[in-house]
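Novice: I would like the atomic coordinates for the input below:
(one chain, ligands or ions: 1)
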Amino acid sequence: MRLPETEVQALLAKVDGWKLTDERWIVKKYRFQDYLQGIEFVRQIALISENANHHPFISIDYKLITVKLSSWRAKGLTKLDFDLAQQYDDVYKQIKQGDGE
Ligand SMILES: C[C@H](O)[C@H](O)[C@H]1CNC2=NC(N)=NC(=O)C2=N1
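Specialist: Below you'll find the model as predicted:
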């Protein structure tokens, strides 16, 4: 079920800005223009995660959102973690599009 280290490294190279920690987690910090933009990001990734029945750990530190992904039952990382990481990045891009215009 969980991915071997070689596969984890290969998939990690395909996503942007995610870091492997404690072998079982991938982590990324997203910075926003303001607090509510970050909350909107959390709302959207929460919907995606609930629909996938695969839930990240999320910390909200004012304009900085930290997202951690792991596959608990598999006790490691699975393809789903990387699929969601990509989907979260797509949400981030879409939210940030409106910045600075
Ligand atoms: C019963 C429920 O389907 C499981 O507990 C789901 C819920 N969300 C989950 N999320 C994550 N990240 N890993 C899991 O193994 C997992 N299992």
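Novice: C-alpha only now, for contacts and for neighbours.
Specialist: OK.
Novice: which parts of the helix or strand harbouring residue 30 are buried?
Specialist: Assessed by DSSP states H and E, residue 30 sits inside strand 25-31. Within strand 25-31, the residues that count as buried by 16 or more other Cα atoms under 10 Å are 25, 26, 27, 28, 30, 31.
Novice: Can you lay out those as TSV showing distance to residue 48 and pLDDT?
Specialist: What follows is the buried residues of strand 25-31, written out as TSV (distance: Cα to Cα, whole Å; pLDDT from 0 to 100):
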residue	distance to residue 48	pLDDT
25	19	98
26	17	98
27	17	98
28	17	99
30	17	98
31	19	98
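Novice: Closest one of those residues to residue 70?
Specialist: Distance to residue 70 across the buried residues of strand 25-31 (Cα to Cα) is lowest for residue 25, with 4.9 Å.
Novice: For the residue lying closest to the closest one once chain neighbours are set aside, which residues are in contact?
Specialist: Once flanking residues are discounted, residue 25 sits nearest to residue 70: 4.9 Å by Cα to Cα, 6 or more residues apart in numbering. For residue 70, the contact set (Cα atoms under 8 Å, 6 or more residues apart in numbering) comprises 24, 25, 26, 56, 76, 77, 78, 81.
Novice: how many neighbours does the fifth one have?
Specialist: If I follow you right, that is residue 76. 21 (other Cα atoms under 10 Å).
Novice: Check what pLDDT the residue nearest to it when sequence neighbours are not counted gets.
Specialist: Spatial nearest neighbour of residue 76, excluding adjacent residues (Cα to Cα, 6+ apart): residue 24 at 4.4 Å. For residue 24, the model assigns a pLDDT of 96.
Novice: Run a quick neighbour tally on residue 24.
Specialist: 19.
Novice: can you check residue 97 too?
Specialist: Residues near residue 97, counting by other Cα under 10 Å, number 10.
Novice: Got the confidence number for it?
Specialist: 94.
Novice: how about CSV for the contacts of residue 70, with distance to residue 2 added?
Specialist: Shown next, in CSV, are these (distance: Cα to Cα, whole Å):
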residue, distance to residue 2
24, 9
25, 12
26, 13
56, 16
76, 5
77, 5
78, 5
81, 10
